[in-house]
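pasting the sequence and the predicted coordinates here, then a few questions.
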Amino acid sequence: MSNQSSKKPSLLHVATLGRTIGLKGDMNFIIKTDFPEQFIAGAEFVDSKGSSITLSDVNLKRETVKINGIATPESAKKFVNAKLFTTFEKTRETCQLGEGEFFWFDIIGCSVIEDGRELGVVKEIERMSITDYLSVTTESSLVARGEAKEFLIPYHPPFIVHSDVERKEIEVSGAYDLLQAS
């Protein structure tokens, strides 16, 4: 669910359909989200062309899916490599967050602040191994002083002190040292 453009997208890429499997139109299913609970029979998504796709059967263990109205491998083949998208609102409705958890799309665009000074803005979130990193575009006055244009901050304590997605601010500690080392 990363944001590759500087403009916030209106839809979230949550899965990609793979090759056909078997004789009844089943397809490989590659999940691109931390919320597999949204993939149930009857769930609707949109493809990159804006067409609606309704799932009729989902097997998360086998990583397979069947599309409503598709019963043969030949008819399923037109969906191979199709990306499935959903809206921010639908994601908020169907995906449950734990205490202190946030959607990536709420974190992207937040100002990164340390000791009252803005270090930059979160451009995207990158997952490397088991750790999420904030990819931060450095504040222009710091870049003018010779600091790196972008840097990474691990999204966990002690670096993240407090995240306030309502105010679009993330308070950090030790991030300026990371910026200087970048």
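Received the coordinates, thanks.

residue 75 - nearest residue in space that isn't next to it in sequence?
Ranked by CB to CB, 6 or more residues apart in numbering and with sequence neighbours excluded, the top spatial neighbour of residue 75 is residue 25, at 6.1 Å. For every residue, glycine as well, the C-beta is placed using N, CA and C.

quick one, helices of this structure?
Secondary structure of the chain (DSSP state H): helices located at 73-76, 88-94, 104-107, 140-144, 175-181.

the longest strand seen in the chain pairs with which strands, parallel or anti?
Under DSSP state E, the strand in the chain containing the largest number of residues is strand 117-128. The strands that strand 117-128 pairs with in its sheet are strand 111-114 (antiparallel), strand 131-138 (antiparallel) (by DSSP bridges).

right, so of those strands, which gets closest to residue 55?
strand 131-138 (27.5 Å; CB to CB).

for that closest one, which residues meet the burial criterion?
The neighbour-count check on strand 131-138 (16 or more other CB atoms under 10 Å) flags 132-138 as buried.

could you export these as a markdown table, including pLDDT and distance to residue 178?
Shown next, in a markdown table, are the buried residues of strand 131-138 (pLDDT from 0 to 100; distance: CB to CB, whole Å):
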| residue | pLDDT | distance to residue 178 |
| --- | --- | --- |
| 132 | 93 | 15 |
| 133 | 96 | 10 |
| 134 | 97 | 10 |
| 135 | 97 | 12 |
| 136 | 97 | 9 |
| 137 | 97 | 14 |
| 138 | 97 | 11 |
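
what sits against residue 122?
Going by CB atoms under 8 Å, 6 or more residues apart in numbering, residue 122 touches 107-110, 112, 134-136, 170.

do you know how far the nearest residue to residue 127 once chain neighbours are set aside is from residue 31?
Among residues not flanking residue 127 along the chain, residue 133 sits closest, at 7.7 Å (CB to CB, 6+ apart). Using CB to CB, to the nearest Å, we find residue 133 at a distance of 21 Å from residue 31.

show me what the helix or strand bottoming out on mean pLDDT in the chain is packed up against.
Least confident helix or strand of the chain, by mean pLDDT, DSSP states H and E, is helix 88-94 with a mean of 89. Under the contact criterion of 3 or more CB pairs under 8 Å, 6 or more residues apart in numbering; DSSP states H and E, helix 88-94 touches strand 12-21.

may I see the buried residues of the strand it packs on?
Neighbour counts over strand 12-21 (16+ other CB under 10 Å) mark 12-15, 17-18, 20-21 as buried.

that strand: partners in the sheet, and parallel or antiparallel?
strand 26-31 (antiparallel), strand 83-86 (antiparallel).

how distant is stretch 74-88 from the center of its chain?
Stretch 74-88 sits 18 Å away from the centroid of its parent chain (CA atoms, centre = their mean, to the nearest Å).
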